[in-house]
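Peer 1: please work out how this folds:
(2 chains)
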Amino acid sequence: MRSIATNGDDTAEISLDRLHYGKLAFGATLRVPATAGYGVTLRSCDLQPNDDQLLSPPRLMGLRRFEPDLVDPASRRRGAFLARVAPEPNARRAIFLRARFRPEDGEDGHGRLYQQSAVWSVSAADWRRHPAALLAMTESDLEALPDLATEDEAARYNAAPARYLVRFLDSRDVWSALEDALEETRWAATTLEFLARGAETGADATLNFGADDFPDEAEFLRAVGLALQFLPESYPRWREISVVSGLRNAPEGLCLRYLPSLRAAAHATAVAA
Amino acid sequence: MTERLSMCLIGPKKGGKSSLLASLVDCVAQSAFGYSPRLRPALQPIAEAEYDPANAAPKKADLLSVEQGDYERLRREFAEGGVATDTLDTYEYRFRLTVNGEAPAPALLPGPWLLEIIDSAGEIAVPPDGAEVAILNDVKAKLARQMLGAEAILIVLPLVRLEDSGWSGNLARLIDRLALSPEKKLKRLVVVFSQYERLFARLGPSAFTYACDPAVARHALRKSLRGVQWLDRLRALESPDGGGVSVRFTVCSAYGFVKRFQNPNIDPHQPGERRFRRAGLDGARAYNEYWRPFLTAEPFLYAALGLDSAFTFSYAQLDARQEEG
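Peer 2: Below is the predicted model:
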């Protein structure tokens, strides 16, 4: 995990460490060979084997065990998504997780399911500075795909961090976009009110959105990214915020969650945990 | 008097440990075991709080979270084709076992028995020979602790292609370590050969009849165990120096045989490996009309009660058969 490097203009480079848990696969359909068992299949060079436990999907999700029925039916193919400051005490990193269950006999197979996940780890300071950009990046690029059994093992356990260039956003542009959203949509006011109330009460709470609020995960993450980008530096519960999509479990703290199969709600609902 | 018993399910990955456990309650409910029907056992999943009220962790409520028991979830996953148990933890399932009918005294205590059955990924205890499997140290240590604290261990092995197994060296080493551990609480060890129905795949409607003959099971076991390198290591557990553990061998099939039609319950017309099901129904209900698991209660009931059925075989029984042959 490396800190942000500014480029002297209005851009900066973010470095993301990666960790994959699941099984190795082969072939066009990414079948799991009979000999492949569960394990960490890729680890960035800046992560240590000790990080395997700290970055295990159930731990990040606040669960004893990650199970298929915890994934929203509409999110099963791509998997559930989670962004948050890592749950370890005094964590200095934020994590982005994509996790799903896929068939061992290939992407469209009918065999036994197994867990496949991918984690990105960035400095918590980068997450605080660039929530909109990071959520957009993860939405586009973070996939729970198995590594290939044919890939060199040494290379997989010494993988280079992913690097992304992000632009510093002008707070006036952020406010302007949010102002438009406040006029045209329901989510903006609801989200800002939820975050404001969360700061006041200090209580755990979850704000749920469904398909009536956003057509897909990308739209949800774009909206939440904008709202988080708007939060002032002094927002007291930043480290407790989690952004969740497609996962039927909400971590403790303030959780902004999208469940694409949730259609019954006429509008976003806040649920006290 | 209530008795608490802990048992561990171990064996290579894809050997059928979770399927065996998932079909346990249905096997007991359908009396699809080799015990006398007069035994009338009953098995009910219970919460951690009932098994161990002092140490049960309080659960956080979430209105939109799925609230169902762990065992119910396991059964559902089994119905949907199964999920490979991950290596991130070991998983405990708890049951209340009662025996409501006649039991041969003096072996039996009045019960009930509170059972804790520990399931874990095969990669943890019996990894493939020669493979470097990265398992979290905490998880390995937890399973080792649970195995040493267990009164019973069930080793689940796939019956078919046993000679091709790439894990037998690690299984032998595990058995050796168990035999040498003075702190173990182990009283009973059951070697369970799963996927028994596959031996009868070509027998059609005669399959169940043959499978129900204990002599056939004993023959299949004897054949499967021929030349197996860890077999004699197990004998060390039975010796007084090894702890005087009671070792038994049995067979089972989680998919079982089709009710009424009696053939092995694997539908060749379905993609993957699926049981026969009633079209138009969802979930477990679709399978219930045809599904009869076979002897999946056997290893658990023996492990809990120490009571032999027509399908649990000791070394002495297997050796005797060998001498006859």
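Peer 1: just give me the neighbour total for residue B:314.
Peer 2: 14 (other C-beta atoms under 10 Å in any protein chain shown). The way it works is simple: take the backbone N, C-alpha and C, and place the C-beta from them, glycine included.
Peer 1: got the contact list for the residue nearest to it when sequence neighbours are not counted?
Peer 2: Spatially, and ignoring its direct neighbours in sequence, residue B:314 is nearest to residue B:248 (6.0 Å; C-beta to C-beta, 6 or more residues apart in numbering or on different chains). Residues counted as contacts of residue B:248 (C-beta atoms under 8 Å, 6 or more residues apart in numbering or on different chains) are B:188-191, B:299, B:302, B:308, B:312-314.
Peer 1: residue B:248 in helix, strand or coil?
Peer 2: Here residue B:248 is recorded as strand under DSSP: H, G, I helix; E, B strand; the rest coil.
Peer 1: just put the contacts of residue B:248 in TSV and tack on distance to residue B:114, pLDDT and secondary structure.
Peer 2: Below are the contacts of residue B:248 laid out as TSV (distance: C-beta to C-beta, whole Å; pLDDT from 0 to 100; DSSP: H, G, I helix; E, B strand; the rest coil):
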residue	distance to residue B:114	pLDDT	secondary structure
B:188	17	97	strand
B:189	21	97	strand
B:190	19	98	strand
B:191	25	96	strand
B:299	18	97	helix
B:302	17	97	helix
B:308	22	94	coil
B:312	22	97	coil
B:313	28	96	strand
B:314	27	94	coil
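Peer 1: bridged to the residue nearest to residue B:314, which residues?
Peer 2: residue B:190 (DSSP bridges).
Peer 1: from chain A, how far out is it?
Peer 2: Distance, residue B:248 to chain A, using C-beta to the nearest C-beta, to the nearest Å: 28 Å.
Peer 1: and for residue B:167?
Peer 2: 10 Å.
Peer 1: now that residue: phi and psi?
Peer 2: Torsion angles at residue B:167 (phi, psi; degrees, to the nearest 10) stand at phi -130, psi 0.
Peer 1: same question for the one 5 residues further on.
Peer 2: Main-chain torsions, residue B:172, degrees, to the nearest 10: phi -60, psi -40.
Peer 1: ok, how many other residues are close to the nearest residue to it once chain neighbours are set aside?
Peer 2: Leaving out its chain neighbours, the residue that sits closest to residue B:172 by C-beta to C-beta, 6+ apart is residue B:230, at 3.9 Å. Residue B:230 has 20 neighbouring residues, counting by other C-beta under 10 Å.
Peer 1: show me how far stretch B:3-13 is from its chain's centre.
Peer 2: 8 Å (C-alpha atoms, centre = their mean, to the nearest Å).
Peer 1: typo on my end, stretch A:15-27
Peer 2: A distance of 15 Å separates the centroid of the chain from that of stretch A:15-27, by C-alpha atoms, centre = their mean.
Peer 1: so how far is residue B:316 from the closest residue to chain B within chain A?
Peer 2: Closest to chain B within chain A is residue A:110: 3.6 Å, counting by C-beta to the nearest C-beta. To residue B:316, residue A:110 is 44 Å away according to C-beta to C-beta, to the nearest Å.
Peer 1: ok, the two, which is more surrounded?
Peer 2: A count of neighbours by other C-beta under 10 Å puts residue A:110 above the other of residue A:110 and residue B:316, at 13 against 9.
Peer 1: pretty sure that one contacts residue B:82?
Peer 2: No. With contacts counted by C-beta atoms under 8 Å, residue A:110 stays clear of residue B:82, the gap being 11.2 Å.
Peer 1: list the contacts for residue B:225?
Peer 2: Here residue B:225 is in contact with B:231, B:249, B:318 (criterion: C-beta under 8 Å, 6+ apart).
Peer 1: what is the nearest of those to residue A:45?
Peer 2: Nearest to residue A:45 among those: residue B:231, at 45.4 Å, using C-beta to C-beta.
Peer 1: check contacts around residue A:135.
Peer 2: A:83, A:221-222, A:224-225, A:228, A:243.
Peer 1: among these, which lie within strands?
Peer 2: Counting by DSSP state E, the contacts of residue A:135 place A:83, A:243 in strands.
Peer 1: in a markdown table, list the contacts of residue A:135 along with pLDDT and neighbour count.
Peer 2: Formatted as a markdown table, those follow (pLDDT from 0 to 100; neighbours: other C-beta atoms under 10 Å in any protein chain shown):
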| residue | pLDDT | neighbour count |
| --- | --- | --- |
| A:83 | 98 | 28 |
| A:221 | 97 | 26 |
| A:222 | 96 | 17 |
| A:224 | 97 | 26 |
| A:225 | 96 | 24 |
| A:228 | 96 | 24 |
| A:243 | 98 | 24 |
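Peer 1: now for the contacts of residue A:135, which pair is the farthest apart?
Peer 2: Distance extremes for those: the farthest pair is A:83 and A:222 at 13.1 Å, using C-beta to C-beta.
Peer 1: including neighbour count, distance to residue B:165 and pLDDT, could the contacts of residue B:225 go into TSV?
Peer 2: Output for these, formatted as TSV (neighbours: other C-beta atoms under 10 Å in any protein chain shown; distance: C-beta to C-beta, whole Å; pLDDT from 0 to 100):
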residue	neighbour count	distance to residue B:165	pLDDT
B:231	17	13	86
B:249	26	16	97
B:318	17	19	89
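Peer 1: need these in CSV (columns: distance to residue A:125).
Peer 2: Output for the contacts of residue B:225, formatted as CSV (distance: C-beta to C-beta, whole Å):
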residue, distance to residue A:125
B:231, 59
B:249, 60
B:318, 66
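Peer 1: list the contacts for the nearest residue to residue B:97 once chain neighbours are set aside?
Peer 2: Leaving aside its sequence neighbours, residue B:97 sits nearest to residue B:113 (C-beta to C-beta, 6+ apart; 4.3 Å). Contact analysis of residue B:113 by C-beta under 8 Å, 6+ apart lists B:2-5, B:96-98, B:304-305.
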